[in-house]
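1. Predicted model, plus sequence, below.
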Amino acid sequence: MSTATAPAPVTARKPATMAQALNRALRDAMAADPAVHVLGEDVGALGGVFRITDGLTKEFGETRCTDTPLAEAGILGTAVGMAMYGLRPVVEMQFDAFAYPSFEQLISHVAKMRNRTRGAVPLPITIRVPYGGGIGGVEHHSDSSEAYYLHTPGLHVVTPATVGDAYGLLRAAIASDDPVVFLEPKRLYWSKDDWNPDEPAAVEPIGRAVVRRPGRSATLITYGPSLPVCLEAAEAAREEGWDLEVLDLRSLVPFDDETVAAAVRRTGRAVVVHESAGFGGAGAEIAARVTERCFHHLEAPVLRVAGFDIPYPPPMLERHHLPSVDRILDAVGRLQWEAR
């Protein structure tokens with residue numbers, strides 16, 4: 001009689017949303033480590049404005065998933081104390097621009113405590129910030145505030161653009177002993193991908209970029225909410241005879257210079273795409289780093305496609321403000337002209 005064991009059944013992957021992946025990441029992290037606590041405005045019974053924390057209070061209790069007053073400075077200040085006493089707080093800032101009142105805590109304490117104490121007091125805090133436009137939100141609900149965070153030494157800054165990365169990067173952020181600003185693209189909360197939550201795909205550690213689409217004509221460097229737009233632009237570019245590479249940064253700090261530089265050296269041309277304002281934005285730093293490391297490989301200047309240098313516009317105008325396929329292809333066309 002054969003003693004061979006029948007193979008275990010394979011769980012089929014099925015469509016899941018980014019919101020579901022983030023919820024599962026929080027649930028799994030809380031189940032794995034009792035030090036993980038979630039706190040923020042309406043994260044408890046309501047499950048958060050975007051329902052990312054749905055069901056956590058019911059499963060883990062009000063002491064593990066806690067509703068707070070509407071006071072962002074107090075929320076983050078509380079998290080600092082919790083982290084100093086050995087917990088791993090996960091803070092939700094309800095909307096991007098709502099996080100600004102907490103800046104004093106973020107800059108003065110969260111980002112500096114580990115350095116101030118020569119490593120004796122790490123602050124393993126994850127600060128979840130729904131950010132970006134594309135949902136028809138009004139002022140204070142659609143900011144792209146990543147430049148503020150990446151300019152602050154001591155913080156890690158991460159933003160997923162896929163369902164799998166939403167799960168894996170959030171788990172990595174919560175496990176990190178350094179504070180992580182975790183930027184969640186609101187417009188992608190309801191994006192879907194085939195994903196099995198019981199067998200989440202392996203995710204690179206924080207600080208690694210990934211090529212989402214190989215190409216030879218130029219490299220589109222992007223992150224978060226702009227990734228789907230860049231992939232759409234790459235498909236449309238085929239009609240022009242351009243083969244565009246699309247690179248998803250995933251992590252702004254630490255920044256993956258190695259992967260970015262290798263991609264740009266392959267194509268000789270680069271366009272940085274993001275929703276936030278162009279002047280002093282993340283794209284300026286990325287363009288500078290690419291130019292410094294790839295100068296002799298560049299066939300044309302590094303260009304940027306970004307939001308305009310204005311306060312976020314009313315909902316009816318945001319489609320003109322945000323990077324679009326046409327604006328990206330126009331930049332690629334300018335690259336080709338510069339190379340002549």
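-> Okay, I see it.
2. CA atoms for contacts and neighbours, from now on please.
-> Fine.
3. The lengthiest strand in the chain packs against which elements?
-> Longest strand in the chain by number of residues (criterion: DSSP state E): strand 270-277. With contacts taken as 3 or more C-alpha pairs under 8 Å, 6 or more residues apart in numbering; DSSP states H and E, strand 270-277 sits against strand 218-222, helix 282-294, strand 303-307, helix 325-338.
4. Tabulate these in a markdown table, adding columns for mean neighbour count, distance to residue 85 and mean pLDDT.
-> Shown next, in a markdown table, are the helices and strands packed on strand 270-277 (neighbours: other C-alpha atoms under 10 Å; distance: least, C-alpha to C-alpha, whole Å; pLDDT from 0 to 100):
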| stretch | mean neighbour count | distance to residue 85 | mean pLDDT |
| --- | --- | --- | --- |
| strand 218-222 | 28 | 37 | 98 |
| helix 282-294 | 18 | 34 | 97 |
| strand 303-307 | 23 | 41 | 97 |
| helix 325-338 | 17 | 48 | 90 |
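5. So which of these is nearest residue 103?
-> helix 282-294 (18.5 Å; C-alpha to C-alpha).
6. Tell me which other helices or strands that closest one touches.
-> Counting contacts by 3+ C-alpha pairs under 8 Å, 6+ apart, helix 282-294 is packed against helix 146-150, helix 257-267, strand 270-277, strand 303-307.
7. which element follows the last one toward the C-terminus?
-> Sequence-wise, the next helix or strand beyond strand 303-307 is helix 318-321, with elements assigned using DSSP states H and E.
8. residues making contact with that following helix?
-> Helix 318-321 is contacted by residues 133-134, 136, 307-308, 312-313 when judged by C-alpha atoms under 8 Å, 6 or more residues apart in numbering.
9. what sits against the one residue sitting closest to the centre of the chain?
-> Nearest to the geometric centre of the chain sits residue 159, at 0.8 Å (C-alpha atoms, centre = their mean). Listed by C-alpha under 8 Å, 6+ apart, the contact partners of residue 159 are 182-185, 223-224, 250-252.
10. got it, and residue 274?
-> Counting by C-alpha under 8 Å, 6+ apart, residue 274 touches 222-223, 225-226, 282-283, 305-307, 323.
11. quick check: domain ranges of this structure?
-> Per automatic domain parsing, the structural domains of the chain span 14-195, 210-338.
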